[in-house]
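J.: Provide a 3D model corresponding to the input given below.
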Amino acid sequence: MDPVLASPLVVIQNLCFKRGDRVIFDDVSLTIPKGKVTGILGPSGTGKTTLLRLIGGQATPDSGKIEIEGQNVHQLTRHELFSLRKRMGMLFQAGALLTDLDVFENVAFPLREHTNLPEEMIRDLVLLKLEAVGLRGARDLMPAQLSGGMGRRVALARSIALDPMMVMYDEPFTGQDPISLGVLARFIRTLNYNLGVTSLLVSHDVKETSAIADYLYLIAGGKIAAQGTPEEMKDSDSPWVRQFMYASAEGPVPFHYPAPTLERDLLGEFA
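T.: Numbering: from 1, shown residues only. Below is the predicted model:
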């Protein structure tokens, strides 16, 4: 086993998952190591967000198993699953802020729901989390007053409010300006170094993900197309890897979603 993967937090074995007739994962196995940044790369529609939902127990695999700290996620009772989720932060792709609550209350929400901390401590913790993402001064704003990038940073502050053992990031760099993007990338890395948090990051952003990840998986066609350290992936001879890592229009990953020929669609039986 690669030394990077020597101490696993999440182990996925022989995962199979379909939506209708469409195969999302076909016998996929991978490992998320403790205290590291693991990046999941892949074209749109390959199931990267679905993988996070499966790990969090929001979706159930057709076969295979997902273990977190040795616990089979999909064999847990409802109470056990909720207890596990309290130790897992999630940054949703769209932010998913509560629109009727201001920034402060959005970040305070998990603390109020899952702890009995006094109000003074909740206030201090919220301000510290907002300071970490550069938005302490925006605490009184409503979500509608935030840019997309700011909303994503508030959602990140909320995802770490309970000091989780693992944070799952769904496209964290989307909508960020270059300065914010660099700060967020450094922040994700700092969480791992200083607090031992495990980070699982799915992204289209090859450059930023490769810069902070310890290990990468490339998902395509329902399979693990490649895996390795960022350096190994960049040096790979695989056409799957090279097409994605170097943003090539030509390669084995098609641009078009599977469909009949255009002529058949347009002309029907006359094609």
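
J.: S44: how many residues sit nearby?
T.: For S44, the neighbour count with other C-beta atoms under 10 Å is 7. C-beta coordinates here come from the backbone N, C-alpha and C atoms, glycine included.

J.: check which helix or strand covers it.
T.: Using DSSP states H and E, S44 falls within no helix or strand.

J.: the one 5 residues further on too?
T.: Secondary-structure assignment from DSSP H and E places T49 in helix 48-55.

J.: any idea of the mean pLDDT in that helix?
T.: The average pLDDT within helix 48-55 is 92.

J.: show me how far that helix is from its chain's centre.
T.: 8 Å (C-alpha atoms, centre = their mean, to the nearest Å).

J.: got a list of contacts for that helix?
T.: If you take C-beta atoms under 8 Å, 6 or more residues apart in numbering as the criterion, helix 48-55 is touched by 10, 12, 15, 17, 24-25, 40-42, 59-61, 66, 68, 73, 90, 93, 168, 170, 200, 202, 219.

J.: of the residues you listed, buried ones?
T.: 10, 12, 15, 17, 24-25, 40-42, 61, 66, 68, 73, 90, 93, 168, 170, 200, 202, 219 (16 or more other C-beta atoms under 10 Å).

J.: roughly how far does I32 sit from V197?
T.: To V197, I32 is 12 Å away according to C-beta to C-beta, to the nearest Å.

J.: overlap in contacts of these two?
T.: By C-beta under 8 Å, 6+ apart, the residues touching both I32 and V197 are M166.

J.: what number of residues lie near P172?
T.: By the measure other C-beta under 10 Å, the count of residues near P172 is 28.
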